[in-house]
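**Q** pasted the sequence and its predicted model underneath.
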Amino acid sequence: MNQKRHISIEKANKAIAARIRHIRRSNELTLAEISDRSGINIASLSMIERGKRRLTVEQMMKISAALKVDYHTFIEDGAK
């Protein structure tokens, strides 16, 4: 595999988590608001945003809907 294109799962998870947090904060939304919109509890959202918990595809879809962005935004911008 090309080393330049290879990214560890942990590094990708942290980059995606940072992107989610950035989008939420840019839209001046609280964890509580995203929790209400997504159905994911605040503690889990906090852990996801800090990169302490791996994000499932289902969670990614729910969070992207709550933030009103396409889920690809997290992958394309977050995993570079």
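**A** Structure received. Residues are numbered from 1 along each chain as shown.
**Q** give the residue spans of the protein that score low on pLDDT.
**A** Along the chain, the model assigns pLDDT under 70 to residues 1-6, 77-80.
**Q** mind redoing it with 80?
**A** For the chain, the stretches with pLDDT under 80 are 1-7, 76-80.
**Q** quick one, longest helix in it?
**A** Taking DSSP state H as the criterion, the chain has its longest helix at helix 9-26.
**Q** could you pull up the contacting residues of residue 50?
**A** By Cβ atoms under 8 Å, 6 or more residues apart in numbering, the contact set of residue 50 is residue 17. Backbone N, C-alpha and C define where each C-beta goes, glycine included.
**Q** can you give me phi and psi for it?
**A** phi -90, psi 0 (degrees, to the nearest 10).
**Q** and if you look at residue 68?
**A** According to degrees, to the nearest 10, residue 68 has phi 60, psi 40.
**Q** look up how far residue 43 lies from it.
**A** Distance, residue 68 to residue 43, by Cβ to Cβ, to the nearest Å: 23 Å.
**Q** alright, calling it a day.
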